[in-house]
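Q: Sequence plus predicted model, see below.
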Amino acid sequence: MADSLWWILSTALILLGLAGIVLPALPGTLFVLAGIVLGAWIDDFTRVGWFAVATVTVLAILAWLLDYVAAVLGARRVGASRKALFGAALGTVAGIFMGIVGVLFMPLVGAFIGEYWDRRDHGRAVHVGIATWLGLLAGMLGKFVLAFVMIGIYAVALLV
């Protein structure tokens with residue numbers, strides 16, 4: 001019975017991690033990694049060995065880096081000011097408290113406000129806001145793909 005509870009916790013962590021990819025308040029790939037490591041531990045690393053765990057860990061680190069770099073690269077590509085980057089960060093934090101719409105669109109609004117405050121150019125601020133937003137969405141998509149690759153490696157290791 002105790003093993004069943006551990007497996008339920010492992011699965012719950014993985015599912016919570018998938019939700020955390022969209023919700024920045026939750027460290028998505030960290031929860032996916034924790035669920036996978038817990039699943040490997042339950043089985044004494046016999047089916048999911050150290051190589052699989054190490055591979056999944058590297059993917060989790062890549063996803064974490066992607067999360068932080070994608071928006072900055074999107075903004076930097078169009079020459080965003082420091083205030084735009086700061087605004088996008090504040091928008092991301094504010095968006096957490098506004099639900100899924102806030103999570104998706106507040107970074108755009110924050111980058112727009114920061115860029116407009118810095119340069120007083122409405123057109124440029126819109127351009128920077130959209131570029132930052134697209135960077136965030138690309139990062140989210142990349143994290144989602146990496147999380148499913150992590151889960152795929154785990155599932156194959158469990159079943160083979």
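A: Now that the structure is in, tell me what you want to look at.

Q: in this protein, what spans have low per-residue confidence?
A: Residues of the chain meeting the criterion pLDDT under 70: 1, 24-25, 68, 71.

Q: Please enumerate the helices of it.
A: Secondary structure of the chain by DSSP state H: the helices cover 2-22, 28-42, 50-77, 82-96, 99-119, 122-159.

Q: Redo those as TSV? Include mean neighbour count.
A: (Glycine included, C-beta is placed from N, CA and C.) Rendered in TSV, the data for the helices of the chain read as follows (neighbours: other Cβ atoms under 10 Å):
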stretch	mean neighbour count
helix 2-22	15
helix 28-42	22
helix 50-77	17
helix 82-96	20
helix 99-119	20
helix 122-159	19
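
Q: show me what contacts the residue most central in space within the chain?
A: Closest to where the C-alpha atoms of the chain average out (Cα atoms, centre = their mean) is residue 21, at 4.3 Å. Each residue near residue 21 by Cβ atoms under 8 Å, 6 or more residues apart in numbering is listed here: 28, 29, 140, 143, 144, 147.

Q: Hmm, residue 22 and the third one touching each other?
A: Pointing back at residue 140 there. Yes - Residue 140 lies in contact with residue 22 (Cβ atoms under 8 Å); the separation is 6.7 Å.
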